[in-house]
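S.K.: Show me the folded form of this:
(chains A and B)
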Amino acid sequence: MKDLSKIRLFEAIDLIKKQKLKSEELVRYHLELANTKGKDLNAFITVLDDSIEKAREVDQKIQEGKKVGLLAGIPCTVKDILMTKGIRTTAASKILKDFIAPYSATVVEKLEEEGAVIIGKTNCDPFAYGASGENSGFGPTLNPIDNTRVPGGSSSGAAASLAAGIGLFAIGTDTGGSVRQPASLCGLVGLKVTYGRNSRYGLIAMASSFDTPGILSHTVREAAFIEEIIAGKDSKDATTYDLPVENYFKKLNEIKNLDKVKVGVPKQYFEQGITQDVKQAVQKTITKMKKNGAEIIDVSLPILKQGISVYYILVPSEISSNMARYDGIRFGRKEEDNYMQNLLKTRSKYLEPEVKRRIMLGTYALSAGYADEYYKHASRVRVKITREIMELFKEVDILVGPTSPFVAFKLGEKSNDPLAMYLADVYTVNANIAGCPAISINCGYNKEGLPIGFQIMSEKFSEAKLLGIAANTEKIINES
Amino acid sequence: MKYQPIIGFEVHLQPKTKSKMFCTCSAEYFGSQPNSHTCPTCLGLPGALPVPNKEGLEKCILLALALNCNINKTTKFDRKNYFYPDLPKGYQISQYDVPVGEKGFIEFDIDGDSRRIRITRVHMEEDTGKSMYERKKTLLDFNKSGVPLIEIVTEPDFVDVKEVDKFAKRLRQIVRYLGIGDADMEKGQMRYELNISLKRPGEKGLPDYKVEVKNIASISVLKKIIVKEIKRQSKMLDKGETPRQETRGLRNMDGDTVSQRVKEGSDDYRYFPEPDIPPIFISEEWLDDIKKDLIELPQEKKDRYIKEYDLEPDSAENIARNKARASFFEACLKSASKVEDINEYAQEIANWILGELTRLKKKNDVLYKDLRVKPEDLLELISAIKTNKITGTIAKNVLEQTFKTGKSVETIIEDKDLEVVNDKEQIEEFIDKAIEDNPKVVKSLEKNPNAIQFLVGQVMRLSKGKANPKLAEKMLKEKFL
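M.R.: Predicted coordinates:
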């Protein structure tokens, strides 16, 4: 008898196809785990027990010798901010507590077309607003490595469940680091691709010009494999690009080592706010890259520091508009007969504090008399940051640094200080501001055994290169 | 008038498109079951995204071109944020600082003078849903939500109701002519928003107040409102009062309005670029492609008809007004291109089209596209009359035959032996019969020489219209006078 807890993505695909393992068996195991360990961690908002039926269908097809997809019978999880047809989709907010999605997100459809079995909708910060998972209208998620700590956010449940061995990969979303930061805090790989590479259709919008569906996995290879499936132009999302999807998985083998790879290290990354253990682990990784042939180039990009300010003006601005549809007519419960009174009461009652905070920030930043100073000014700085990062990529292949300035922190530690919480995104937001792809890989642990993430960023639509370099970096980290 | 009216407009126009502006739902919602033309996008469901409709945008560009606007090379959509029950997303996708077209104009003739009204901007946006009030409840129908709308904003250039009338009709004509939309007022496909104020004698610049009237769905009501509003404001100004800056709503179809909302300053819609739709680049190639649909407009046609073909102004206007009619007229001219004196033919063609052909079309409810009369037929008919081959009366008959059967004019004239009888002997026979049948008239001829016309008529009747009437008259006169 196989130890089901040890089976990872590629082995599972292989075993199921060769009929050495039934998808039903694997999915049942993961569902059980979701209902026990997953519940303890509060990683799920909805566990889809009926998904066992889908596993059976896959097994049936394989038995009959019918063609099956690339992810046939593979259990996975989807962040509850992506629409799943006929299934409750809450965005982890009480205002959508009972909302049944009438259609599926494009990335969900693509996974299901390849036979993936979604076993649950994972918890997250409400509408993805947060960096710890603590803002969720369904309660905080715990970090499986240390239950007194947060798993990071906003894709908190995605990271916590995968790190706990539930599901073989997880789909999250990344607006300012929401895939990479929890991956970092839970010792996983987190991939955010170029804005416009993955469809946003069916992703409940946080900040439309930043949101990107992403992947949490155990290895870079797994991430490359999944990305190839979910990427591509979508006629339902006007911001997706009509560029062919590269064969990311196959191309991993084309980059065999880090020889001559130009690695840019922005000095601003190590100046302030970074904790010592994170700094050491990241610098150690850079040294290893150098030993393996990479060319380390110190770069200076003072404007990177403006990223967090730009982010927390533009993102709430878009949020304030995206949230307007939750007006208490079709979502939430009716509280008053009068439209305006009902609007005020429903939103007051059902929206979480962080959601309200961002709506207020954004409404202010867009208001007449303030828009010039805030929204428009930040938009201009966004263009400048993007341009300077693009310039830099003429000299270097990648930019590296920490994913998060600190390891997983204690539950409640930063809840009363929103500004401190916002700084959790300081290294990740720039990739979203510029629309670049970025990946977080684990580069070690601190003395308490808490994982540390290493972030690699590259120019737009260079996912193949990014994944290839990340896979090699992952290899040399694991070698020592 | 003591005060000078200052009037400006916003017109909302629904272009004819297959689908809504940002989703694939059908835009032909009129009369459908409520909420039957909806999808996640036009219902504003979480996660749904807008994808702009190329057809809608092209029609907007075409109209902007027709209104002589500058077309912005890169245009973009913006969000206009406000809460309203029938606005499902809490914002309307519209255009703010970079509309499709800017700084255009419309020209028309008024009292023999040419008048130019400046167009501030032409932009693309989406319609909202519809609120219906039933007892104490509000019902929402989202069929209209997301239907494309083109907004046209004018400068406050109108000084009286006559100009407004001309403008509104001209605009509607352009829209229909270019196939941009049906501009069916009853279906709300063209709606007006009026802003009006009065300038006191000697006042410089624009008045210090502005009254808005929204949601006007007919040109006649629009005119009534303006007349009443000028009266209302004049009275206030007479008393030394300044009318309030306010939005007024229509109370009835007689143009009476009632104050709805007093405006202090302007609304804050917190416009910002729509992040779900990338900016749209309007390339020269694309623009050239759209310009192919920019056919000659009625006013230009009218001017050309008068200039080139010496048409009477009224005829030119009436031909040019209707696109299908103008096309038929031009097709006739084309087949007449070999004729020496084309101008003489042009007026004849216009007369026949505006007269007999229009009468037949109306009577039989036939559209130009289904017309069986070919341009060559009309030409043949006219030249048969000119050469005295057939009479005018016969010609009408022939046209009706062609109209009904589709047989060519030439065939009908030959088949039915309709050619004019010029043979004196034959006419003599008809004359003899007429004299025999009407002895009293013949007797009265001495006292009343005009009775000869009656006999001519009888000859025509007996010859079934074929006798050359002039010849018959001449022969009768020779006989009796």
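S.K.: what about residue 95, neighbour count?
M.R.: Here I'm looking at chain A. A:Ile95 has 24 neighbouring residues, counting by other C-beta atoms under 10 Å in any protein chain shown. For the C-beta atoms, the positions are set from N, CA and C on the backbone; glycine is no exception.
S.K.: sorry, should have said chain B
M.R.: Look at B:Gln95: counted by other C-beta under 10 Å, it has 22 neighbours.
S.K.: do you know how far it is from B:Ile282?
M.R.: 13 Å (C-beta to C-beta, to the nearest Å).
S.K.: Need the residues touching each of those two.
M.R.: Both B:Gln95 and B:Ile282 are contacted by B:Thr75, under the criterion C-beta atoms under 8 Å, 6 or more residues apart in numbering or on different chains.
S.K.: doesn't B:Arg172 make contact with B:Ala183?
M.R.: Yes - counting by C-beta atoms under 8 Å, B:Ala183 does reach B:Arg172; the two are 4.7 Å apart.
S.K.: Between these two, which contacts overlap?
M.R.: Joint contacts of B:Ala183 and B:Arg172 (C-beta under 8 Å, 6+ apart) are B:Met190.
S.K.: touching chain B at all, stretch A:81-91?
M.R.: Yes - Stretch A:81-91 reaches chain B (C-beta under 8 Å from any C-beta of the partner chain) through A:Leu82, A:Met83, A:Thr89, A:Ala91.
S.K.: Looking at those residues, spot the one nearest chain B.
M.R.: Nearest to chain B, judged by C-beta to the nearest C-beta, of the residues of stretch A:81-91 next to chain B is A:Met83 at 4.7 Å.
S.K.: Specify which residues of chain B, grouped into ranges, have pLDDT under the cut-off.
M.R.: Low-confidence segments of chain B (pLDDT under 70): B:1, B:263-265, B:338-340, B:416-420, B:481.
S.K.: What residues does it have near chain A?
M.R.: Residues of chain B lying close to chain A by C-beta under 8 Å from any C-beta are B:40, B:43-52, B:79, B:81, B:83, B:85, B:88-91, B:138, B:140, B:266, B:268, B:270-272, B:275-278.
S.K.: So which of the residues you listed are in strands?
M.R.: B:Arg79, B:Asn81, B:Tyr91, B:Thr138, B:Leu140, B:Phe272 (DSSP state E).
S.K.: Okay, buried residues for the one helix or strand in chain A whose mean pLDDT sits lowest please.
M.R.: Ranked by mean pLDDT, DSSP states H and E, the weakest helix or strand in chain A is helix A:418-422, scoring a mean of 80. Residues A:Pro418, A:Met421, A:Tyr422 are the ones in helix A:418-422 that count as buried (16 or more other C-beta atoms under 10 Å in any protein chain shown).
S.K.: and the residues you listed as a markdown table, adding distance to A:Tyr445?
M.R.: Formatted as a markdown table, the buried residues of helix A:418-422 follow (distance: C-beta to C-beta, whole Å):
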| residue | distance to A:Tyr445 |
| --- | --- |
| A:Pro418 | 28 |
| A:Met421 | 23 |
| A:Tyr422 | 26 |
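S.K.: Spatially nearest residue to the residue of the stretch 201-350 of chain A found nearest chain B (excluding sequence neighbours)?
M.R.: Scanning the stretch 201-350 of chain A for the residue nearest chain B gives A:Ala324, at 2.2 Å (criterion: C-beta to the nearest C-beta). Leaving aside its sequence neighbours, A:Ala324 sits nearest to B:Gly90 (C-beta to C-beta, 6 or more residues apart in numbering or on different chains; 2.2 Å).
S.K.: Hmm, B:Lys80 and that neighbour touching each other?
M.R.: No - counting by C-beta under 8 Å, B:Gly90 stays clear of B:Lys80, with 10.3 Å between them.
S.K.: residues near A:Gly157, how many?
M.R.: Neighbours of A:Gly157 (other C-beta under 10 Å): 35.
S.K.: residue contacts, it?
M.R.: Neighbours of A:Gly157 in contact, by C-beta under 8 Å, 6+ apart: A:41-45, A:77, A:79-80, A:122-124, A:133, A:141, A:151.
S.K.: which one in those is the model shakiest on?
M.R.: In terms of pLDDT, A:Gly133 ranks lowest among the contacts of A:Gly157, with 94.
S.K.: so that residue, which of the three states?
M.R.: Under DSSP: H, G, I helix; E, B strand; the rest coil, A:Gly133 falls in the coil class.
S.K.: thought it was touching A:Ala158?
M.R.: No - counting by C-beta under 8 Å, A:Gly133 stays clear of A:Ala158, with 9.7 Å between them.
S.K.: Return every residue with contacts to both of those two.
M.R.: A:Cys124, A:Pro182.
S.K.: more neighbours, these two?
M.R.: A direct count of neighbours by other C-beta under 10 Å for A:Gly133 and A:Ala158 places A:Ala158 higher, at 41 against 35.
S.K.: who's in contact with that one?
M.R.: Taking C-beta under 8 Å, 6+ apart as the contact definition, A:Ala158 lies against A:Thr77, A:Lys79, A:Thr122, A:Cys124, A:Ala170, A:Ile171, A:Gly172, A:Val179, A:Pro182, A:Leu216.
S.K.: redo that, cut-off 7 Å
M.R.: A:Thr77, A:Lys79, A:Thr122, A:Ala170, A:Gly172, A:Pro182, A:Leu216 (C-beta atoms under 7 Å, 6 or more residues apart in numbering or on different chains).
S.K.: For B:Gly205, see how far away the third one is.
M.R.: For A:Thr122, the distance to B:Gly205 equals 62 Å [C-beta to C-beta].
S.K.: what about the nearest residue to A:Gly453 once chain neighbours are set aside, is that helix, strand or coil?
M.R.: The shortest distance from A:Gly453 to any non-neighbouring residue, by C-beta to C-beta, 6+ apart, is to A:Ser184 (2.5 Å). Secondary structure assignment for A:Ser184 (three-state DSSP): helix.
S.K.: Wait, A:Ser184 touches A:Ser404, no?
M.R.: Yes - the criterion here is C-beta atoms under 7 Å, and A:Ser184 meets it with A:Ser404 at 4.9 Å.
S.K.: so what are the domain limits for chain B?
M.R.: Per automatic domain parsing, the structural domains of chain B span B:4-291, B:298-415, B:424-480.
S.K.: from the stretch 1-150 of chain B, which residue is nearest to chain A?
M.R.: B:Gly90 (2.2 Å).
S.K.: surely A:Asp298 meets A:Pro266?
M.R.: No - the criterion here is C-beta under 7 Å, and A:Asp298 misses it with A:Pro266 at 8.3 Å.
S.K.: What are the boundaries of the helices in the stretch 51-200 of chain B?
M.R.: B:54-66, B:161-177 (DSSP state H, counting those that start in this stretch).
S.K.: Great, nothing more from me.
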